[in-house]
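Engineer: the sequence and its predicted three-dimensional model are supplied below.
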Amino acid sequence: MQSVFRRRRAAIATGWVVLVSAALAGYAFAQNSDVRVSITPRIPAHSDAKMFPSGVIRSDVNRVFIPTTVTDSYGRPVQGLHKQDFRLSEDGVEHDLSEFFIQDGPISVGVVLDISGSVKNKLAQAQQAIREFLRLSARADEFFLVTFKDQPELVRGFTTDPEIIGSDLAAAQPSGWTALYDAIVLGINQMKQARLNRRVLLVLSDGGDNNSRYSESEVKSLVREADIRIFSISMQSRTPVLDKLANASGGRAYQVHDLENLPEAAAALSAEAHAEYVLGFTPPERHRDGKYHSVKVEVLQSAGEQPLHVSWRRGYYGPLE
């Protein structure tokens, strides 16, 4: 594993990563850590949306696909939205949606768990949250487990048996410093072994990095290039870098003040990670330049309606021709 961290630039993974950072940074969970969350069924198919095939290509020469999730103020996926409910712009220019899909299939999940000394009194709740996430997983999901303290360790490679991951969690012994960035890089590289196209990294951590070889800017570049969704759950304190990574990747950052609410946060995250809308558009010919292009997605709402939270991949690299 050490060879992973001797390379200053990791090879780019092609997948989604969900980071559950039980350090755990992010948006306030359900806007209030005391709110009890119930999980609604995942997004159903409806008249103007096809189910997207498992082998989705995120972008190609002629089209770009932007996975998008929409949740209410309690973190529950919003059902029944239609193509006309969305507005998408690229580099400030609005585009018509040429395609509109729904994805609600299995995912590859990398669990990244902070076991540094500072989580000693929080580890039991973090482990319980991960087990809740695993319990709600789809039958065909696959998982791997990375733990980190002074340095990260791949504890378990990909398996389709969530109970194996649950057993591995029980052996964690907290100590040492926090190599958060190195753990993210290891997760990105391990995700290259995934057999599924929808990929997520779930990271639990209770603070910022203080012992990595990789820098924050290097990790941000890797995440941007890797087409990764990051979901983070921050336990009691914010970790701003995880907020930024989650936001840029199209994932979600949670913050949980009350440790007893961690399993509920994990349940909400599982529902959100599995269900997503996919918005497709055709970029201008001039964008075949290999450069990064920013994307913005909005959901149209009537006055007086409860505000919705929209997460989407914030951009893409144009193809080189």
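Structural biologist: The structure has been received and is ready for your questions. Residues are numbered from 1 along each chain as shown.

Engineer: from now on I want contacts and neighbour counts done on CA atoms only, so please keep to that.
Structural biologist: Fine.

Engineer: over to residue 118: give its phi and psi.
Structural biologist: As for residue 118, its main-chain torsions (degrees, to the nearest 10) stand at phi -70, psi -10.

Engineer: that one against residue 208, yeah?
Structural biologist: No. The pair residue 118 / residue 208 is not scored as a contact, 10.8 Å apart, by Cα atoms under 8 Å.

Engineer: state the distance from the spatially closest residue to residue 274 that is not a sequence neighbour to residue 224.
Structural biologist: Spatial nearest neighbour of residue 274, excluding adjacent residues (Cα to Cα, 6 or more residues apart in numbering): residue 104 at 5.5 Å. Going from residue 104 to residue 224 by Cα to Cα, to the nearest Å gives 23 Å.

Engineer: all helices in the chain, in order from the N-terminus.
Structural biologist: 2-6, 123-135, 162-170, 180-190, 216-226, 240-249, 262-274 (DSSP state H).

Engineer: for the protein, name the helix or strand with the lowest mean pLDDT.
Structural biologist: strand 27-28 (a mean of 38; mean pLDDT, DSSP states H and E).

Engineer: quick one: low-confidence parts of this structure?
Structural biologist: Along the chain, the model assigns pLDDT under 70 to residues 1-61, 287, 303-304, 321.

Engineer: how many other residues sit next to residue 99?
Structural biologist: Using other Cα atoms under 10 Å, residue 99 has 17 other residues around it.

Engineer: show me what contacts it?
Structural biologist: Taking Cα atoms under 8 Å, 6 or more residues apart in numbering, we find residue 99 in contact with 278-281.

Engineer: sort out for me which of these are in strands.
Structural biologist: 278-281 (DSSP state E).

Engineer: redo those as a markdown table? Include neighbour count.
Structural biologist: Putting the ones in strands among the contacts of residue 99 into a markdown table (neighbours: other Cα atoms under 10 Å) gives the following:
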| residue | neighbour count |
| --- | --- |
| 278 | 24 |
| 279 | 23 |
| 280 | 21 |
| 281 | 20 |
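
Engineer: pick the one among those residues closest to residue 294.
Structural biologist: Comparing those against residue 294 with Cα to Cα picks out residue 281 as the nearest, at 13.4 Å.

Engineer: these two touch, right, that closest one and residue 63?
Structural biologist: Yes. Between residue 281 and residue 63 a contact is recorded at 5.7 Å, counting by Cα under 8 Å.

Engineer: buried residues, stretch 188-205. List them.
Structural biologist: 188-192, 194, 196-205 (16 or more other Cα atoms under 10 Å).

Engineer: stretch 299-310 too?
Structural biologist: Buried, per 16+ other Cα under 10 Å, within stretch 299-310: 299, 308-310.

Engineer: mind checking the end-to-end distance for that stretch?
Structural biologist: End-to-end for stretch 299-310, by Cα to Cα: 7 Å.

Engineer: returning to that earlier point: of the contacts of residue 99, which pair is most distant in space?
Structural biologist: Every pair of those checked by Cα to Cα; the farthest is 278 and 281, at 10.1 Å.

Engineer: tell me, what's touching these two both at once?
Structural biologist: 65, 99.

Engineer: picking that back up, tabulate the helices of the chain (a markdown table), appending distance to residue 288.
Structural biologist: Converted to a markdown table, those look like this (distance: least, Cα to Cα, whole Å):
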| stretch | distance to residue 288 |
| --- | --- |
| helix 2-6 | 32 |
| helix 123-135 | 39 |
| helix 162-170 | 42 |
| helix 180-190 | 26 |
| helix 216-226 | 16 |
| helix 240-249 | 21 |
| helix 262-274 | 30 |
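
Engineer: of all the ones you listed, which one is nearest residue 110?
Structural biologist: helix 180-190 (6.4 Å).

Engineer: report all helices and strands that the closest one contacts.
Structural biologist: Judged by 3 or more Cα pairs under 8 Å, 6 or more residues apart in numbering; DSSP states H and E, the packing partners of helix 180-190 are helix 2-6, strand 108-114, strand 142-148, strand 152-159, helix 216-226.

Engineer: so for residue 237, which of the ones you listed sits nearest?
Structural biologist: strand 108-114 (13.8 Å).

Engineer: adjacent strands (with direction) for that closest one?
Structural biologist: With DSSP bridges as the test, strand 108-114 is paired with strand 142-148 (parallel), strand 199-205 (parallel).

Engineer: hmm, back to that, including distance to residue 94, could the contacts of residue 99 go into JSON lines?
Structural biologist: Formatted as JSON lines, the contacts of residue 99 follow (distance: Cα to Cα, whole Å):
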{"residue": "278", "distance to residue 94": "17"}
{"residue": "279", "distance to residue 94": "13"}
{"residue": "280", "distance to residue 94": "13"}
{"residue": "281", "distance to residue 94": "10"}
